[in-house]
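Enquirer: with the sequence up front, the predicted model follows.
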Amino acid sequence: MTHATGCPACEDIEALRQLKARYFRYLDTKDWDSWRSLFDDEVVGTFDNAVTTHGADAAAQTWAGVDELVASIRGVLDGCTTVHHGHTPEIVLESPTTASAIWAMADIVDFPSGHTLSGAGHYHETYIKTAGQWRIRSIHLTRTRMGFTEPEGAHAHPG
């Protein structure tokens, strides 16, 4: 239920918070059709593959378009159990129809192999509002932590 506050900026900020909340819930519940609906058709997604405190990874993967992005992430996570949390958003309304945000994040990904990723970092996003709905226009995940654990009973091999 939406309540009119008389503060359009407040309503837009809350709508963006709700959008990101649905992003995490749909991702973790593997509701791929609903997850897809959160993105602009022309979304560009970049997900860093290494830990950096400088906000960029030369080996990052990038996808252009919602179908490519969703298919790729689904291919990686469909058989996994995941937990994603977003925190402390820094939301900037740039115009009545554009916005940006940085979200601190933490995730746990349990892979079918028994390996587990425990990570943290930031989502850097832009948004576009069309037909009264906010959508993710670009998404860039940077990592400040990535820890991997072996399956129970596995032994690490000395390098």
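Expert: On my side now, so go ahead. Residues are numbered from 1 along each chain as shown.
Enquirer: use CA for all of it now, contacts and neighbours both
Expert: Fine.
Enquirer: need the pLDDT of the spatially most central residue of the chain.
Expert: Centroid-nearest residue in the chain: Y123, 6.0 Å away (criterion: CA atoms, centre = their mean). Confidence at Y123, expressed as pLDDT, is 97.
Enquirer: what about the residue nearest to S34 when sequence neighbours are not counted, distance to T88?
Expert: Distances taken as CA to CA, 6 or more residues apart in numbering place Y26 nearest to S34, at 6.5 Å, with adjacent residues excluded. Per CA to CA, to the nearest Å, Y26 is found 20 Å from T88.
Enquirer: have a look at the two and say which one is more surrounded.
Expert: Y26 (17 against 9; other CA atoms under 10 Å).
Enquirer: is it fair to say that one lies in a strand?
Expert: No: in this structure, Y26 is helix, not part of a strand, as judged by DSSP: H, G, I helix; E, B strand; the rest coil.
Enquirer: could you pull out the strands for this protein?
Expert: Applying DSSP state E to the chain gives strands spanning 39-51, 61-64, 81-95, 98-110, 116-130, 133-149.
Enquirer: in TSV, list the ones you listed along with distance to I13.
Expert: Shown next, in TSV, are the strands of the chain (distance: least, CA to CA, whole Å):
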stretch	distance to I13
strand 39-51	17
strand 61-64	26
strand 81-95	7
strand 98-110	9
strand 116-130	11
strand 133-149	10
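Enquirer: closest to C10 out of those strands?
Expert: strand 81-95 (9.9 Å; CA to CA).
Enquirer: what packs against that closest one?
Expert: Judged by 3 or more CA pairs under 8 Å, 6 or more residues apart in numbering; DSSP states H and E, strand 81-95 is in contact with helix 8-29, strand 98-110.
Enquirer: so which of these comes closest to G75?
Expert: helix 8-29 (12.3 Å).
Enquirer: that closest one packs against which elements?
Expert: Checking 3+ CA pairs under 8 Å, 6+ apart, helix 8-29 ends up next to helix 32-36, strand 81-95, strand 133-149.
Enquirer: comparing the ones you listed, which comes out most buried?
Expert: Highest mean neighbour count among the helices and strands packed on helix 8-29 (mean count of other CA atoms under 10 Å): strand 133-149, with a mean of 20.
Enquirer: which residues touch it?
Expert: 15-16, 19, 37-40, 42-53, 55-57, 115-129 (CA atoms under 8 Å, 6 or more residues apart in numbering).
Enquirer: many thanks, I have nothing further to ask.
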